[in-house]
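Q: Here is a sequence together with a model predicted from it:
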Amino acid sequence: MNRRTHILKQIRTGAEVTQQDVAFLLNMDTGSLARYENEKRIPTPEILLLYHILFGIPISDLLAPQLKRVKQNLISRSELLHTQRDSRHTPKSVHSIAYIRAIVNNIKQTKTYDV
């Protein structure tokens, strides 16, 4: 696995703010913050919001690592849902599948979701 520096660590070190100071602001110890910065834990919304507010980083940039995984999962699960629902056509299921398919097609075509 590629051990690149997590975006949180890049942001903090780029701003020359100590890990101890950020950990204090988050009311956690530096070891816990290090686990987020070293990708051993997924950052909580509170951590992402603190980085957003403190460093002025757009939330979309902070969520980029999770966005690609969520997008891929949504696409594969929607395809599975479509194959499962093919056998049970009701007006409600047809509408539901059409709606989901339109959203997924938009995600596939829109670069906004690419990271």
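A: Cool, the structure landed.
Q: what about Asp21, neighbour count?
A: A count of nearby residues for Asp21, using other C-beta atoms under 10 Å, gives 12. (Each C-beta comes from the backbone N, C-alpha and C, glycine too.)
Q: quick one: secondary structure of Ser96?
A: Here Ser96 takes the helix state, with states given by DSSP: H, G, I helix; E, B strand; the rest coil.
Q: burial of it, as a residue count?
A: Ser96 has 13 neighbours, counted by other C-beta under 10 Å.
Q: now the one 5 residues further on
A: Neighbourhood size, Arg101 [other C-beta under 10 Å]: 14.
Q: From Lys92, how far out is it?
A: 15 Å (C-beta to C-beta, to the nearest Å).
Q: Show me the shaky parts of this protein.
A: For the chain, applying pLDDT under 70 flags the ranges 1-5, 85-88, 111-115.
Q: What segments of it are helices?
A: For the chain, the helices defined by DSSP state H cover 7-14, 19-25, 30-37, 45-55, 59-85, 91-109.
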